[in-house]
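Colleague: Okay, structure incoming, though there's no sequence with it:
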């Protein structure tokens, strides 16, 4: 079944088949050479919009209680919003915010003509850029100036090697998700799985005994088992706490090894993220710190102060949600025991 046209430009059947076949998958969406593929409620990559029809693409954090509504920065559901030049728009839900970020980063690199913020967000970014320019006009001490140059080099290195910090973000989020699953939730889901297994065995027994209703028992039992397995609550496979811990440990060790090739890289490997470096640079340029060490401590204090009772901007939410789990997992310590 070929995707349906969402934008104004229509591709031929041959073009559409080839483009969709070779598209880069990003969650339920896809990035083709000619078009962006979007999901419907049930099907992935069911619609397409050619890039020349797209005005802007941006991430939206959908909020429920405890999510981002100006309050609460750690319970968010990511969406991708696509706005066309004819003013139509579509919102696509994602399971992973990292897939949204990957898609937007690809768009930014390959289609710079497409805006990656809302109009309001773009205005805020421009205002923020002007503020940054004003900060840079301040005369820094020799130590602070040297710290800025060093961190700018570190930032360039991290931006050239996104695999380092993307893996750190992914594994620490997964570890914290698994570590914070309540025991009561695991107990409930375990009961569901046992009920499903019992129903399936009961159905098999009755089916082999010649009773037609045994098939219904198998179907209902299988449905319960599938629901329990897909919930990712039970400690199975990669969802085991030990597996998540091992993945996080390996990500940090891999980051240490990769960062060893960069001379005088300042940040501890577990905090090697461009967002952390940018926040340190802002601290230095604002005069709140005079060295890299002081800037890192200031960033830690800022992150500690942010919790569900603090109101933040959308841009601040994105930064904090990306890096605060790294610091929380390590207890804000620079030296790890492993």
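Modeller: The structure has been received and is ready for your questions. Computed from a prediction, not measured in an experiment: that's the story for all the values here.
Colleague: Only C-alpha atoms from now on, for both contacts and neighbour counts.
Modeller: Noted.
Colleague: Then residue 59 would be within a strand, right?
Modeller: Yes: going by DSSP: H, G, I helix; E, B strand; the rest coil, the assignment for residue 59 places it inside a strand.
Colleague: That one contacts residue 79, doesn't it?
Modeller: Yes: using Cα atoms under 8 Å, residue 59 and residue 79 qualify as a contacting pair, with a distance of 5.8 Å.
Colleague: Overlap in contacts, those two.
Modeller: residue 100 (Cα atoms under 8 Å, 6 or more residues apart in numbering).
Colleague: What's the first helix or strand after the strand or helix carrying residue 125?
Modeller: Residue 125 is part of helix 119-136 when elements are defined by DSSP states H and E. From helix 119-136 onward toward the C-terminus, using DSSP H and E, the following helix or strand is helix 142-160.
Colleague: hmm, which helix or strand of this structure has the shakiest average pLDDT?
Modeller: Ranked by mean pLDDT, DSSP states H and E, the weakest helix or strand in the chain is helix 119-136, scoring a mean of 78.
Colleague: show me where this protein has helices.
Modeller: Counting by DSSP state H, one finds helices in the chain at the ranges 13-21, 97-110, 119-136, 142-160, 162-179, 183-208, 214-230, 241-259, 274-286, 292-305, 314-329.
Colleague: which other helices and strands contact the last one?
Modeller: Right, helix 314-329. The helices and strands touching helix 314-329, judged by 3 or more Cα pairs under 8 Å, 6 or more residues apart in numbering; DSSP states H and E, are helix 162-179, helix 274-286, helix 292-305.
Colleague: Surely residue 35 and residue 49 touch.
Modeller: Yes: if you go by Cα under 8 Å, residue 35 and residue 49 touch, sitting 5.3 Å apart.
Colleague: and the closest residue to residue 46 other than its chain neighbours, what does it touch?
Modeller: Closest residue to residue 46 apart from its sequence neighbours, by Cα to Cα, 6 or more residues apart in numbering: residue 3 at 4.5 Å. Listed by Cα under 8 Å, 6+ apart, the contact set of residue 3 reads 16, 37, 45-48.
Colleague: These in strands, which ones?
Modeller: Judged by DSSP state E, the subset of the contacts of residue 3 located in strands is 37, 47-48.
Colleague: what would the residues you listed look like in JSON lines with distance to residue 174?
Modeller: Formatted as JSON lines, the ones in strands among the contacts of residue 3 follow (distance: Cα to Cα, whole Å):
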{"residue": "37", "distance to residue 174": "27"}
{"residue": "47", "distance to residue 174": "30"}
{"residue": "48", "distance to residue 174": "31"}
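Colleague: re the thing from before, can you tell me how far the residue nearest to residue 46 is from residue 95?
Modeller: Distance, residue 3 to residue 95, by Cα to Cα, to the nearest Å: 21 Å.
Colleague: Tell me what residue 49 is bridged to.
Modeller: residue 36 (DSSP bridges).
Colleague: Thought residue 32 was touching it, still the case?
Modeller: No: under the criterion of Cα under 8 Å, residue 49 is not in contact with residue 32, lying 10.0 Å apart.
Colleague: Looking at these two, which has the bigger crowd around it?
Modeller: Counted by other Cα atoms under 10 Å, residue 49 and residue 32 do not tie: residue 49 has more neighbours, with 24 against 21.
Colleague: give the contact list for the more buried one.
Modeller: Counting by Cα under 8 Å, 6+ apart, residue 49 has contacts 5-9, 35-38.
Colleague: Look up the closest residue to residue 296, ignoring the ones flanking it.
Modeller: Going by Cα to Cα, 6+ apart, residue 296 has residue 280 as its nearest residue, at 6.1 Å.
Colleague: so how many other residues sit close to that neighbour?
Modeller: 27.
Colleague: which of the helices of the chain is buried the deepest?
Modeller: Burial of the helices of the chain is given as mean neighbour count (mean count of other Cα atoms under 10 Å); helix 274-286 ranks first at a mean of 21.
Colleague: Determine the angle, from 0 to 180 degrees, between that one and helix 119-136.
Modeller: 50 degrees (axes from the mean of the first three to the mean of the last three Cα atoms, to 10 degrees).
Colleague: between helix 274-286 and helix 162-179, how big is the angle?
Modeller: Using the same axes, to 10 degrees: helix 274-286 against helix 162-179 is 110 degrees.
Colleague: How many neighbouring residues does residue 210 have?
Modeller: The number of residues near residue 210, taken as other Cα under 10 Å, comes to 10.
Colleague: Contacts for stretch 102-122, please.
Modeller: Against stretch 102-122 from outside (Cα under 8 Å, 6+ apart): 26, 31, 51, 54-59.
Colleague: Quick one: those residues as a markdown table, columns for pLDDT and neighbour count too.
Modeller: What follows is these, written out as a markdown table (pLDDT from 0 to 100; neighbours: other Cα atoms under 10 Å):
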| residue | pLDDT | neighbour count |
| --- | --- | --- |
| 26 | 94 | 21 |
| 31 | 97 | 22 |
| 51 | 97 | 21 |
| 54 | 97 | 23 |
| 55 | 96 | 18 |
| 56 | 95 | 19 |
| 57 | 95 | 23 |
| 58 | 92 | 19 |
| 59 | 89 | 20 |
